[in-house]
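Participant: Fold the following and give me the result.
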Amino acid sequence: MSWAMALPPAAREPIAELAVAPGKVTVEPAAWNKPAVIRTPEEAAKAFDKEALAIVTRKVDFASQVVLVFAWRGSGGDKLEHAVLESFPEQVRFTLARGRTRDLRAHGKVFVMNSNVRFSAEERK
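Facilitator: Next up, the predicted model:
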(Lines give C-alpha, C1' and ligand atoms only; values in the text may rest on other atoms or scores of the structure.)
Protein backbone atom coordinates (compact mmCIF):
# COMPACT_ATOMS: atom_id res chain seq x y z
CA MET A 1 0.00 0.00 0.00
CA SER A 2 1.39 3.40 -0.94
CA TRP A 3 1.56 6.20 1.60
CA ALA A 4 -1.10 8.16 -0.31
CA MET A 5 -3.62 5.33 0.06
CA ALA A 6 -2.94 5.30 3.81
CA LEU A 7 -4.09 8.92 4.04
CA PRO A 8 -7.78 9.69 4.47
CA PRO A 9 -9.38 10.78 1.15
CA ALA A 10 -9.54 14.45 2.17
CA ALA A 11 -5.76 14.56 2.80
CA ARG A 12 -4.77 13.24 -0.65
CA GLU A 13 -4.00 15.40 -3.64
CA PRO A 14 -7.25 15.74 -5.62
CA ILE A 15 -5.66 14.42 -8.84
CA ALA A 16 -2.51 12.66 -10.03
CA GLU A 17 -1.36 11.34 -13.39
CA LEU A 18 -0.70 7.61 -13.59
CA ALA A 19 2.31 6.45 -15.56
CA VAL A 20 0.49 4.14 -17.96
CA ALA A 21 1.80 3.95 -21.52
CA PRO A 22 -0.85 4.88 -24.13
CA GLY A 23 -0.43 1.49 -25.81
CA LYS A 24 -1.55 -0.19 -22.58
CA VAL A 25 -4.98 1.48 -22.65
CA THR A 26 -7.70 -0.37 -24.53
CA VAL A 27 -10.17 2.56 -24.45
CA GLU A 28 -11.05 3.62 -27.99
CA PRO A 29 -10.04 7.17 -28.94
CA ALA A 30 -12.96 9.57 -28.72
CA ALA A 31 -13.46 13.29 -28.22
CA TRP A 32 -10.54 14.48 -26.10
CA ASN A 33 -12.86 16.30 -23.68
CA LYS A 34 -15.01 13.26 -22.89
CA PRO A 35 -12.78 10.93 -20.87
CA ALA A 36 -13.81 7.44 -19.88
CA VAL A 37 -14.62 7.47 -16.16
CA ILE A 38 -13.69 4.20 -14.48
CA ARG A 39 -15.28 3.64 -11.07
CA THR A 40 -14.70 -0.06 -10.31
CA PRO A 41 -11.94 -2.66 -10.64
CA GLU A 42 -14.18 -4.54 -13.09
CA GLU A 43 -14.39 -1.50 -15.38
CA ALA A 44 -10.61 -1.08 -15.06
CA ALA A 45 -10.08 -4.69 -16.18
CA LYS A 46 -11.91 -3.85 -19.42
CA ALA A 47 -10.00 -0.60 -20.03
CA PHE A 48 -6.37 -1.68 -19.46
CA ASP A 49 -4.13 -4.53 -20.49
CA LYS A 50 -2.68 -6.82 -17.79
CA GLU A 51 0.46 -4.75 -17.15
CA ALA A 52 -1.39 -1.43 -16.88
CA LEU A 53 -4.14 -2.99 -14.76
CA ALA A 54 -1.52 -4.01 -12.18
CA ILE A 55 -0.40 -0.36 -11.91
CA VAL A 56 -3.96 0.95 -11.67
CA THR A 57 -5.13 -1.53 -9.03
CA ARG A 58 -2.02 -0.86 -6.94
CA LYS A 59 -2.42 2.94 -7.02
CA VAL A 60 -6.19 3.48 -6.98
CA ASP A 61 -8.62 3.13 -4.06
CA PHE A 62 -11.90 2.68 -5.95
CA ALA A 63 -13.90 3.31 -2.75
CA SER A 64 -12.88 6.98 -2.83
CA GLN A 65 -11.24 7.55 -6.24
CA VAL A 66 -12.05 7.29 -9.94
CA VAL A 67 -9.80 6.89 -12.97
CA LEU A 68 -10.11 9.25 -15.94
CA VAL A 69 -8.83 7.97 -19.28
CA PHE A 70 -8.38 10.55 -22.02
CA ALA A 71 -7.88 8.92 -25.43
CA TRP A 72 -7.91 10.95 -28.65
CA ARG A 73 -6.23 11.36 -32.02
CA GLY A 74 -4.54 14.58 -32.99
CA SER A 75 -1.29 16.32 -33.78
CA GLY A 76 1.84 14.83 -32.28
CA GLY A 77 2.31 18.16 -30.54
CA ASP A 78 -1.00 18.06 -28.63
CA LYS A 79 -0.57 18.77 -24.90
CA LEU A 80 -3.17 17.97 -22.24
CA GLU A 81 -2.67 19.86 -18.99
CA HIS A 82 -4.67 20.10 -15.79
CA ALA A 83 -5.02 22.65 -13.00
CA VAL A 84 -6.70 22.36 -9.61
CA LEU A 85 -8.99 25.32 -9.03
CA GLU A 86 -9.32 26.84 -5.58
CA SER A 87 -12.91 26.01 -4.74
CA PHE A 88 -15.04 23.79 -2.57
CA PRO A 89 -15.69 21.15 -3.57
CA GLU A 90 -12.43 20.94 -5.46
CA GLN A 91 -12.51 21.22 -9.23
CA VAL A 92 -10.00 20.26 -11.90
CA ARG A 93 -9.84 21.96 -15.29
CA PHE A 94 -8.27 20.09 -18.20
CA THR A 95 -6.95 22.15 -21.10
CA LEU A 96 -5.83 20.88 -24.50
CA ALA A 97 -3.28 22.87 -26.48
CA ARG A 98 -3.40 21.63 -30.07
CA GLY A 99 -0.09 20.94 -31.75
CA ARG A 100 0.88 22.60 -35.00
CA THR A 101 2.27 19.55 -36.78
CA ARG A 102 0.14 17.74 -39.34
CA ASP A 103 0.92 14.24 -38.13
CA LEU A 104 -2.00 12.24 -36.76
CA ARG A 105 -1.12 10.43 -33.53
CA ALA A 106 -3.02 8.50 -30.90
CA HIS A 107 -2.80 10.09 -27.45
CA GLY A 108 -3.67 8.70 -24.05
CA LYS A 109 -3.49 10.13 -20.54
CA VAL A 110 -4.61 8.42 -17.36
CA PHE A 111 -5.42 10.25 -14.13
CA VAL A 112 -6.60 9.13 -10.70
CA MET A 113 -8.91 11.63 -9.04
CA ASN A 114 -10.81 11.78 -5.77
CA SER A 115 -14.41 10.82 -6.51
CA ASN A 116 -15.83 14.00 -4.95
CA VAL A 117 -13.82 16.26 -7.31
CA ARG A 118 -15.57 17.77 -10.33
CA PHE A 119 -13.82 18.28 -13.65
CA SER A 120 -14.25 20.27 -16.83
CA ALA A 121 -12.38 20.29 -20.13
CA GLU A 122 -11.74 23.08 -22.60
CA GLU A 123 -9.55 23.69 -25.61
CA ARG A 124 -6.98 26.45 -25.40
CA LYS A 125 -7.49 28.94 -28.21
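
Participant: can you tell me which helix in this structure is longest?
Facilitator: Longest helix of the chain, by residue count under DSSP state H: helix 50-59.

Participant: Please spell out which residues along it are buried.
Facilitator: Neighbour counts using 16 or more other Cβ atoms under 10 Å place Ala52, Leu53, Ile55, Val56, Lys59 of helix 50-59 among the buried residues. In this view, the C-beta of every residue, glycine as well, is placed from N, C-alpha and C.

Participant: pLDDT added to the residues you listed, as TSV?
Facilitator: Output for those, formatted as TSV (pLDDT from 0 to 100):
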residue	pLDDT
Ala52	89
Leu53	91
Ile55	91
Val56	92
Lys59	94
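
Participant: Looking at those, spot the one nearest Gly76.
Facilitator: Ala52 (21.9 Å; Cβ to Cβ).

Participant: So the closest one sits against Ala45, correct?
Facilitator: No - assessed by Cβ atoms under 8 Å, Ala52 is found out of contact with Ala45, at 10.4 Å.

Participant: what's near enough to touch His107?
Facilitator: Pro22, Pro29, Trp32, Phe70, Ala71, Trp72, Arg73, Gly74, Asp78, Leu80 (Cβ atoms under 8 Å, 6 or more residues apart in numbering).

Participant: List buried residues within those residues.
Facilitator: Using 16+ other Cβ under 10 Å, the buried ones in the contacts of His107 are Pro22, Trp32, Phe70, Ala71, Trp72, Gly74, Asp78, Leu80.
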